[in-house]
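Chemist: return atomic coordinates for the entry below.
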Amino acid sequence: MLAQYSFVDVMVFIIYALILVISGWWVNRSVNSSRDFFLAGKQMPMWVVAISILATSQSAATFLGGPDQGYRGNLTYLATNIGAFIAAMIVARWLIPLFYARNASTVYQLLQQRFGEGLKQRAGCVYLFGRLFASGARLYIAAIAVAMILFGDIAATSVLIAIAVIVAVGLVYTVFGGIRSVIYSDAIQCLVYVSAAIAVVVVLINAIPADVTTMYHALNTPVQAQDGLSKLSIFDWRIDFGASGVFSMLSIFTGFVLLNVAAFGLDQDLTQRALTCKNSTESAQAMLFSIVLLIPVMLLFLTIGLLLYVYYQRPDLMLSPETDVVPEFAGQTVTVFMHYVLTTLPAGIKAWVTIGIIAAALSTLNSGLNAMSSVIIEDLLKPAFQHRGTIISERQWLQFSRLSMLGVGLALGAMAALCFYLQQYSDMPLLSFALSVMVFSYSGLLGVYFVTLLSSRGTPRSMTGALIVGFLVPLMMQPYVFGLDIGFTWQLCCGTFAAICVAGFPNGTSASRA
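Modeler: Below you'll find the predicted structure:
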């Protein structure tokens, strides 16, 4: 265990963990209520929130998935930012002002005013189930890196132990700190792992003897082009409804717009961060600024994958007068980046990049912990106790919030273990796998919110049916159910359309209650 690292490297890891714990305690010494715990008193600076949104939406999925995508694919994932920007403008224009006008602490409280407490709770439960899949998938991806660090492999036992380590460390500083410590630690961790990625790019460029022009030609005309595309392709205009076409432009203007509307406006994981700003204007600015920051960060990690392709797959370019030995990689594709980090990076930089990987892993976990706990407390437990007339002090609610976060951490660990076996079965690229699991909860929520905000139709019963149908339709499209090859963006489109049809079928009244 940790055989690749010196004693000094291990001490650096311990110091980094202590900094996270102490900073989490320091910024949250004045937390006195569950609302402060989940919304930080709505006093967070816009730029810090923007970085936190960036870190939450990317983190480990990008740190490992970006190089994986660049190594075996191309740059088409970069074009998905077009869909993200369109979606962020939609959310900033219509949804964010609603949250602030109605003083909502979770996105599902908007449903309560029209359809009653019952539907809000059911929507919260659907979110929890879907977010459990999504955050569990990202935690699994983070565990791949940690397993490589600790054991040098991604065997089942190694990955399961890595999951337990990430959950334990993440809980220590998140349970006591709340959203304020999550946001500040996200900002710190984002700076750490981005700077680490820059260091890797610099080392790789210096390690490849070929000049920039030669590398450009090699990437533009790869030996084995994926679907006939250059590895430098950004825009894919093909019509492909299969899994290989999820990053095509048609998919970006449809499924990715829907995916990001749900992520920014209906997923408590990201929306909660936006709601910590002072007002709706700063909240919208933080959301849009996060996408501006995302583009160069995403390109950075994809570039690592492209350079690794040259490093391992183009021995003709790696030969030089100084050496006739070329690097080789024969492991699983998902481990290519970690293999390079652990076997090739020089001392010092290796520890730095490893800390960046750990930072991405923890950023992946803490966002899900706080967001899911806020829904459990604000949307499920508080209304239940108020309905019974039970009086609970704010200090007690704060303790319940921390206990719920502990339970969420254990559940996420279990889901990450399940995702290990699902991804091994499908052999789906890490980025696609991380994005695809969100479809299960997003389809129904999108259908419910579209009908609620854009029409006067629907009843509590039809909305509940829409949430169920929105989950079942993508489930039936999975390759392990009927053997279908349908990209997750098209699964989302179909699931959302079906949910809209079910939610708006009866011409209900907004006064209906469940």
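Chemist: pretty sure Pro455 sits against Gly504.
Modeler: Careful, residue 455 is Ser; it's not Pro. Yes - between Ser455 and Gly504 there is a contact under C-beta atoms under 8 Å: 6.0 Å. Glycine gets a C-beta too; all of them are placed from N, C-alpha and C.
Chemist: which residue of these two possesses the greater neighbour count?
Modeler: Of the pair Ser455 and Gly504, Gly504 is the one with more neighbours under other C-beta atoms under 10 Å, namely 23 against 14.
Chemist: wait, the more buried one touches Gly458, no?
Modeler: Yes - using C-beta under 8 Å, Gly504 is in contact with Gly458, at 5.6 Å.
Chemist: between the two, which contacts overlap?
Modeler: Val451 (C-beta atoms under 8 Å, 6 or more residues apart in numbering).
Chemist: now for Ser195, how many residues are close by?
Modeler: Neighbours around Ser195, by other C-beta under 10 Å: 13.
Chemist: which SS state does it fall under?
Modeler: helix (DSSP: H, G, I helix; E, B strand; the rest coil).
Chemist: per-residue pLDDT, it?
Modeler: Taken from the predicted model, the pLDDT recorded for Ser195 is 88.
Chemist: quick one: contacts for it?
Modeler: By C-beta under 8 Å, 6+ apart, the contact set of Ser195 is Trp352, Gly356.
Chemist: from Val353, how far off is it?
Modeler: Noted for Ser195: a distance of 9 Å to Val353, by C-beta to C-beta, to the nearest Å.
Chemist: Leu300 too?
Modeler: To Val353, Leu300 is 13 Å away according to C-beta to C-beta.
Chemist: OK, contacts around Ile166?
Modeler: Contact partners of Ile166, counting by C-beta under 8 Å, 6+ apart, are Leu139, Ala142, Ala143, Val146, Ala361, Leu362, Leu365.
Chemist: out of those residues, flag the one nearest to Phe488.
Modeler: Leu139 (18.9 Å; C-beta to C-beta).
Chemist: that closest one in helix, strand or coil?
Modeler: helix.
Chemist: so what's it up against?
Modeler: With C-beta under 8 Å, 6+ apart, Leu139 has these contacts: 60, 163, 166-167, 361, 364-365, 368, 412-413, 415-416, 419.
Chemist: geometric centre of the protein: which residue is closest?
Modeler: Residue closest to the average C-alpha location in the chain (C-alpha atoms, centre = their mean): Ser57, at 4.2 Å.
Chemist: for the nearest residue to it once chain neighbours are set aside, report the pLDDT, please.
Modeler: Excluding its sequence neighbours, the residue lying closest to Ser57 (C-beta to C-beta, 6 or more residues apart in numbering) is Leu270, at 6.3 Å. Leu270 carries a pLDDT value of 79.
Chemist: list the buried ones in the helix or strand encompassing Leu270?
Modeler: Using DSSP states H and E, Leu270 sits in helix 268-274. Neighbour counts over helix 268-274 (16 or more other C-beta atoms under 10 Å) mark Gln268, Asp269, Leu270, Thr271, Gln272, Arg273, Ala274 as buried.
Chemist: possible to save those as TSV with distance to Thr157?
Modeler: Shown next, in TSV, are those (distance: C-beta to C-beta, whole Å):
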residue	distance to Thr157
Gln268	33
Asp269	29
Leu270	33
Thr271	37
Gln272	35
Arg273	35
Ala274	39
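Chemist: just for the stretch 151-300 of the chain, where's the confidence low?
Modeler: Counting by pLDDT under 70, the ranges of the stretch 151-300 of the chain that qualify are 173-179, 181, 223-228.
Chemist: domain assignment for this protein?
Modeler: Following automatic domain parsing, the chain resolves into domains at 7-79+119-225+295-425, 438-514.
Chemist: quick one: mean pLDDT for the last one?
Modeler: In this case it means domain 438-514. On average, domain 438-514 scores 86.
Chemist: can you name the residues that contact the residue lying closest to Gly331 once chain neighbours are set aside?
Modeler: In this structure, Gly331 finds its nearest non-sequential neighbour in His339, 5.7 Å apart by C-beta to C-beta, 6+ apart. His339 makes contact with Met148, Phe329, Gly331, according to C-beta under 8 Å, 6+ apart.
Chemist: before we move on, what about Leu306?
Modeler: By C-beta under 8 Å, 6+ apart, the residues touching Leu306 are Gly70, Tyr71, Leu75, Leu219, Lys231, Leu232.
Chemist: how much space separates the third one from Met298?
Modeler: Same thing as Leu75. Going from Leu75 to Met298 by C-beta to C-beta gives 9 Å.
Chemist: what's the answer for the first one, then?
Modeler: When C-beta to C-beta is applied, the distance between Gly70 and Met298 equals 10 Å.
Chemist: give me the element Leu308 is part of.
Modeler: Leu308 belongs to helix 280-313, assigned by DSSP H and E.
Chemist: give the buried residues for that helix.
Modeler: For helix 280-313, by 16+ other C-beta under 10 Å, it's 280, 282-291, 293-294, 297-313.
Chemist: flag every buried residue along the helix or strand following it.
Modeler: Per DSSP H and E, the first helix or strand lying C-terminal to helix 280-313 is helix 315-318. Neighbour-count burial for helix 315-318, counted by 16+ other C-beta under 10 Å, picks out Leu317, Met318.
Chemist: quick one: name whatever helix or strand follows helix 315-318.
Modeler: Past helix 315-318, the next helix or strand by DSSP H and E is helix 336-343.
Chemist: how far does that following helix sit from its chain's centre?
Modeler: Mean C-alpha position of helix 336-343 versus that of the full chain (C-alpha atoms, centre = their mean, to the nearest Å) differs by 22 Å.
Chemist: with just CA atoms, put it into PDB.
Modeler: C-alpha atoms of helix 336-343 as PDB (Å, rounded to 0.1, in the frame of the first residue of the first chain):
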ATOM      1  CA  VAL A 336      -4.400   5.100 -18.400                       C
ATOM      2  CA  PHE A 337      -4.100   8.400 -16.600                       C
ATOM      3  CA  MET A 338      -3.400   6.900 -13.200                       C
ATOM      4  CA  HIS A 339      -0.900   4.500 -14.700                       C
ATOM      5  CA  TYR A 340       1.000   7.400 -16.100                       C
ATOM      6  CA  VAL A 341       0.800   9.400 -12.800                       C
ATOM      7  CA  LEU A 342       2.000   6.500 -10.700                       C
ATOM      8  CA  THR A 343       4.700   5.100 -13.000                       C
END
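Chemist: one step back: now do the shared contacts for Leu300 and Val353.
Modeler: Common neighbours of Leu300 and Val353 (C-beta under 8 Å, 6+ apart) are Ala197.
Chemist: quick check: which ranges of the stretch 301-450 of the chain have low pLDDT?
Modeler: In the stretch 301-450 of the chain, residues with pLDDT under 70: 320-324, 364, 367, 424-427.
Chemist: in it, which spans are helices?
Modeler: Listed in chain order, the helices of the stretch 301-450 of the chain (DSSP state H, counting those that start in this stretch) span 315-318, 336-343, 349-375, 382-388, 394-426, 430-436, 439-454.
Chemist: turn the contacts of Leu139 into TSV, including distance to Phe482.
Modeler: Putting those into TSV (distance: C-beta to C-beta, whole Å) gives the following:
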residue	distance to Phe482
Ala60	31
Ile163	30
Ile166	34
Val167	34
Ala361	34
Thr364	31
Leu365	33
Gly368	30
Leu412	29
Gly413	30
Met415	24
Ala416	26
Cys419	21
